[in-house]
Every structure is written in structure tokens, then in C-alpha cells.
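> Fold the following for me, if possible:
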Amino acid sequence: MIKSGVGMGRNIADPKKAGYDAVFAAIDKLEGQEPNIVFLFASIKYDQQEVLKGARQASADAIIVGGSAAGEISSSATEFDAVVALAVVSDQMKFFAGSGSGVSKDSFAAGAEAAKNAIKLAGDEKLNLFIMIADGLNGNGAAIVRGAQSVLGENFPIMGGSAGDDYLFKKTYQYLNDLAVSDIVIGIGFTGDFSFGFGVRHGWEPVGLAQKVTKSEGAVLKELDGKPALKIYEDYFGKEAQELIREPIAKMAYTYPLGMSVEGSDELLIRDPVIANEKGEITCAAEIPEGTMVRLTIGDRGRAIKAAQEAAENALNSLEGRQPKFIMVFNCMARNKLLGVHCNEENQMVRSVIGGDVPMAGFYTYGEQGPLLGKKGTPCYFHNETLTILVIGE
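Predicted coordinates:
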């Protein structure tokens, strides 16, 4: 038995009540049963600790995990300035939530620590699936993934998203039970008898010529073809470097991310530019190694919605006929901006494919984790501007 419910709260003046309302509404759909775990996502406009207090008041002893968002996703709509909760109860699944600290100092170690702690809590139970919710503004997202893989195994199924802050790019929060803190990664291990499916697609198309990364350091892209990395955007937009460094470049270039070639994928792996400096260096959401070929990419609404359809179909097909019980969506904030007033069309597409009666919850992220193209048995990567879907079934 797997039961789930989704709830939403909205009360900026009373964040504790918003957290309570979201969780209470989600639990109310469990037909009188108490949840084992609550996934919680909230706008940064709320006092994060107060949201958790309200959530705890409504959820009794359930595990609470989640984070701040750049937009919230519920079964009915894309939400803003809201708190969304997904409550799950099951007699055939168990959940074990740990954390890894110091993402900004050593992202690899933080990812590994989160995985180790989840395994330790599981004891003799074998993990079948791992969800990560990481700080979206600190450290190296790709290194967090590699850290978890160093413990779980290269091809272990990992999904998740990096916390956001309503497009402010200042500070994000990660939730673990009664604490809302920054600079950590939350790891949730799933054990038991259940099925799951992935969908991972973005739909961005390459434009212009490929350029080689001739100098980079971690997430800092320094040179392309021996020239300052920022020139790729200067050449395309016709803007001087000073204009591009005045504000986070992400606010201008979210519809023109960088795409890098990865063996085994017919889609480029997307990297978001975040900020640029006087040297013409671009700090990206994750690393782009030296020697990699990159291209500017562009997205449009039609391709984004088509990608959502393909991701949902892949996730549903992975269940091999088993009944879906709930959907978790980790969707990049850049897709939200690209689609604008049409952003809920992605959610509608996902539900039309998987099932309109299947509870769905998630959030808009500052980075996503998942296997390339959603293929099981393949390595997980850190993505940007990508829709990642996890479907849990009986």
C-alpha cells in the first residue's frame, strides 16, 4: 500500500499557518493515516523556520524534508508565494533522511556524507533510490552528485533538485525535520518493495559554433578557444562585458544556457551561467571541464512542452505497467521564466501522460539531478534548465 496527498498553504502574514495548512491538507488525503514522510517546498518570502514549525505541528512524527523554491508545483497548478506539501504513507516503503554539511567548502564530501548518513540510518535495509535536495547557491552541484555516487555506486538511481530563492540568487534553505539551514545537502534513501520511473529532458537546441573550454577551474569557466569565456555572450548579444557583469548574467541568459556534449546522450548537458566578472570569467551552476566542447543553446515554448511530454512518457514506461502512486517534479526555474504565463502547461502535460488523478508535487530549482535521458542503470548527472520527473509506483 502506498498513499499520498498534496496540499498547499498561502499566508505571507502567518508563515507558521501556511506551513500547517499545506501539510494538513496533504495529510487529509491519506484517509485517516499518519504520513511516514512529508516533502515540503516553500517560497523564500516566508520565514523558513516558522513554516517548518507549522509543518511539524500538522505532521506529528513524520520525517520532513524539502527546501526553499523558485516557484512551487502542486497537482493543480504552478504556485508562487506558496507552501506545497506532499505527504506519503506506505507499509511497503521506508524512508531514511540524512544530510551532508559544508557544501561551499567541499561539495564532494557533502554529497558523500549525505549518502553515508542515509545508509547508516537504514541499517540492514538496502537503499533502492536516493533523492537529494542541495543548496542551490553554494558549491559545485556536479561534485555533490559525484560524492553521493562514490558511496552509492556510479549507476545508482539518484534524483533531486537544488533549492532556490525566488530568483533572488542570495540564499537558499534546505529542510530536515525541524531545521531550515543553508550550505547542506539533504539525502533521502528509499527502501522496500516499490517501482519507480524517471523522466529527464530539456528540449534546448544548439545555436552557433562549438567552442572548446581551454581554461576552467571548478564551476568557473575562464576561457573558450583561448578567449575570455564571456565573449560567447558578447558576440551573440552584441553587448559589452560591463553590461553583462552588472547583474547576475542568469537574469539575461536563462534562455541561452551553455550546452556540453556528453557521451551516451542525444541531448547536450545544460549548464547555467550565473555571474560574470571583470576578467570575462563566467561562474556556472556546475563545472565544465577543460577540453569539453560547448555551444550556446536556445529554447522555445513548443520544444519545452514537447520535452515535458517525452520525460513523462519515459517515466511512465519505466514503471512497466505498474500503477503510479505519486509524482515528484524537479524543474529548473529557467523553464518557468521561458514559459511565463504558460508555465503550468508543463505540469498539465505531465499529468495528462501519467494520470490526472495521480498526486504531484515539486518545485522550481537552481539545478537538477538525474540520469541522462532518464535511463535506469546509467550515471546520474547534475543538470540545468532540465525537467526531471520521478514517478513512484506499486
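> just the strands in the stretch 51-200 of the chain please.
63-69, 72-73, 78-79, 83-90, 93-101, 129-134, 158-162, 174-176, 179-181, 184-192, 195-201 (DSSP state E, counting those that start in this stretch).
> Packing partners of the fifth one?
When you say that, I think you mean strand 93-101. On a contact count with 3 or more C-beta pairs under 8 Å, 6 or more residues apart in numbering; DSSP states H and E, strand 93-101 meets strand 63-69, helix 107-122, strand 174-176, strand 184-192. Glycine gets a C-beta too; all of them are placed from N, C-alpha and C.
> same check, this time on the third one
If you count contacts as 3+ C-beta pairs under 8 Å, 6+ apart, strand 78-79 packs onto strand 72-73.
> one more time with 6 Å, if that's ok
Contacting strand 78-79 under the criterion 3 or more C-beta pairs under 6 Å, 6 or more residues apart in numbering; DSSP states H and E is no other helix or strand.
> about what we covered before: could I get the helices and strands packed on strand 93-101 as CSV with mean neighbour count and distance to Glu263?
Below are the helices and strands packed on strand 93-101 laid out as CSV (neighbours: other C-beta atoms under 10 Å; distance: least, C-beta to C-beta, whole Å):
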stretch, mean neighbour count, distance to Glu263
strand 63-69, 27, 31
helix 107-122, 22, 22
strand 174-176, 25, 32
strand 184-192, 25, 26
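> Tell me which of the ones you listed approaches Leu137 most closely.
Smallest distance to Leu137 across these (C-beta to C-beta): 10.4 Å, for strand 63-69.
> Each with direction, which strands does the closest one pair with?
If you go by DSSP bridges, strand 63-69 pairs up with strand 37-43 (parallel), strand 174-176 (antiparallel).
> need the longest helix for this protein.
Across the chain, the longest stretch assigned as helix under DSSP state H is helix 301-318.
> circling back: which of the strands of the stretch 51-200 of the chain comes out lowest on mean pLDDT?
With a mean of 86, strand 78-79 has the lowest mean pLDDT of those.
> want to throw the helices and strands packed on strand 93-101 into TSV with distance to Ser76?
Below are the helices and strands packed on strand 93-101 laid out as TSV (distance: least, C-beta to C-beta, whole Å):
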stretch	distance to Ser76
strand 63-69	16
helix 107-122	31
strand 174-176	22
strand 184-192	24
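> Figure out which of these is closest to Met360.
strand 63-69 (14.7 Å).
> Can you tell me who Ala326 pairs with across the strands?
For the record, residue 326 is Phe, not Ala. In beta-bridge terms (that is, DSSP bridges), Phe326 pairs with Ile392.
> Show residues contacting stretch 79-93.
With C-beta atoms under 6 Å, 6 or more residues apart in numbering as the test, stretch 79-93 has contacts from 1-10, 18-19, 22-23, 26-27, 30, 33, 35-43, 45, 51, 71-72, 74, 192-194, 361.
> Selecting buried members of the residues you listed in PyMOL, what would you type?
Burial among the contacts of stretch 79-93 is assessed by 16 or more other C-beta atoms under 10 Å; the matching PyMOL selection reads:
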select buried, resi 2+3+4+5+6+7+8+9+10+18+19+22+23+26+27+35+36+37+38+39+40+41+42+43+45+51+71+72+74+194+361
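> which residues touch Tyr46?
Pro15 are the contacts of Tyr46 under C-beta under 6 Å, 6+ apart.
> circling back to that earlier point, let me know which of the strands paired with strand 63-69 is the nearest to Ile131.
strand 37-43 (8.5 Å).
> relative to strand 129-134, how tilted is that closest one?
30 degrees (axes from the mean of the first three to the mean of the last three C-alpha atoms, to 10 degrees).
> now the strands of the stretch 51-200 of the chain in TSV, with distance to Leu390?
Formatted as TSV, the strands of the stretch 51-200 of the chain follow (distance: least, C-beta to C-beta, whole Å):
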stretch	distance to Leu390
strand 63-69	14
strand 72-73	12
strand 78-79	18
strand 83-90	11
strand 93-101	13
strand 129-134	7
strand 158-162	5
strand 174-176	18
strand 179-181	23
strand 184-192	10
strand 195-201	6
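> low-confidence ranges in the stretch 251-394 of the chain?
Applying pLDDT under 70 to the stretch 251-394 of the chain flags residues 251-254.
> So for this structure, the centremost residue is which one?
Residue closest to the average C-alpha location in the chain (C-alpha atoms, centre = their mean): Gly161, at 1.8 Å.
> Correct me if wrong: that residue contacts Phe330.
Yes: counting by C-beta atoms under 6 Å, Phe330 is a contact partner of Gly161 at 3.2 Å.
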